[in-house]
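Asks: return atomic coordinates for the entry below.
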Amino acid sequence: MDPDDYLMLSGIQHFAFCRRQWALIHIEQLWKENVLTFGGGQMHRNADDPFFTESRGDVLISRSVPLVSHTLKVYGVADVVEYHRSDAGVTIPGREGYWTVVPVEYKAGRTKPDDRDEVQLCTQAICLEEMYRTQIERGYLYYGKTRRRTEVLFDDELRRRVAELVAGMYALYDAGITPPAVLLPHCKNCSLIDLCMPAVSSRRRSVDRYLATRIRGDDA
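Replies: Below is the predicted model of the structure:
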């Protein structure tokens, strides 16, 4: 597969949250911004400053780092990648010694009840592992509401979850399928709720089931 045809890495958070949302964005090319996504965009703009690297003691900080994984067949950009000086690790042109690679993803809100943020960060780590030919054990999620970092360990279970989600993304994308809408509690925070219309779709399915039941009953 040509790398130009790879799926966007950032889509995995949408897919983990709602497969229909992912399909509306990445298959049907729809997008609508709400307060939550706007806040997230502001956080990213604060983090994004391409070509900029700063040094804080034994830590180098690079922003807007391009990413690609030829194993997962995804591409994207990391908000921030930190390089911590260590006794073993990767080498960096123009810098002495060895460095441990640590991805950091910025989020506007708080920790989520699901794993959408963790799988996105882990996918970034897998990209960086391929690019640097190294092993990355952990990364961090920074939440704007709490102004705190949350450590994420990239264990085997999380890596399997990433692989399963990416496989699911490609299955829907290759088939050109957008899953039907299902009204759930988290729909109220979705940026695409007005385009998705889960309440209308759910009512329509209820009516269809009722009519089908009546028809079967009449036939009996």
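Asks: make it CA atoms for all contacts and neighbour counts henceforth
Replies: OK.
Asks: and for the longest strand seen in the chain, what's in contact with it?
Replies: Scanning the chain for the strand with the most residues, using DSSP state E, yields strand 74-86. Outside strand 74-86, the residues that touch it by Cα atoms under 8 Å, 6 or more residues apart in numbering are 6-10, 44, 47-48, 58-69, 97-106, 124.
Asks: show me which of those residues are buried.
Replies: Buried by 16 or more other Cα atoms under 10 Å: 6-7, 9-10, 44, 47-48, 60-65, 67-69, 98-106, 124, out of the contacts of strand 74-86.
Asks: sitting in strands, which of the contacts of strand 74-86 do you find?
Replies: Among the contacts of strand 74-86, DSSP E puts 7-8, 59-69, 98-106 in strands.
Asks: following the helix-or-strand element of the chain with minimal mean pLDDT, which helix or strand comes up?
Replies: Of all helical and strand segments in the chain, the minimum by mean pLDDT, DSSP states H and E falls on helix 35-47, at a mean of 45. Next along the chain after helix 35-47, taking DSSP states H and E as the criterion, comes strand 53-56.
Asks: which parts of that following strand are buried?
Replies: Buried residues in strand 53-56, counted by 16+ other Cα under 10 Å: none are found.
Asks: put the alpha carbons of it into CSV.
Replies: Coordinates of each C-alpha in strand 53-56 appear next as CSV, following Å, rounded to 0.1, in the frame of the first residue of the first chain:
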residue,chain,number,x,y,z
THR,A,53,12.8,22.3,19.8
GLU,A,54,13.5,23.5,23.3
SER,A,55,15.8,22.2,26.0
ARG,A,56,15.0,21.9,29.7
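Asks: elements contacting that strand?
Replies: Judged by 3 or more Cα pairs under 8 Å, 6 or more residues apart in numbering; DSSP states H and E, strand 53-56 is in contact with strand 59-69.
Asks: who are the packing partners of the strand it packs on?
Replies: Against strand 59-69 (3+ Cα pairs under 8 Å, 6+ apart) you get strand 53-56, strand 74-86, helix 116-132.
Asks: which parts of the longest one are buried?
Replies: Residues of helix 116-132 classed as buried under the neighbour-count rule (16+ other Cα under 10 Å) are 116-129.
Asks: show me this protein divided up by domain.
Replies: Domain assignment for the chain by automatic domain parsing gives 3-178, 180-220.
Asks: packed most tightly, which of these would that be?
Replies: domain 3-178 (a mean of 17; mean count of other Cα atoms under 10 Å).
Asks: run the chain-centre distance for that domain.
Replies: Distance of domain 3-178 from its chain centroid, counting by Cα atoms, centre = their mean, to the nearest Å, is 6 Å.
Asks: got the end-to-end distance for that domain?
Replies: With Cα to Cα, to the nearest Å as the measure, domain 3-178 spans 24 Å from end to end.
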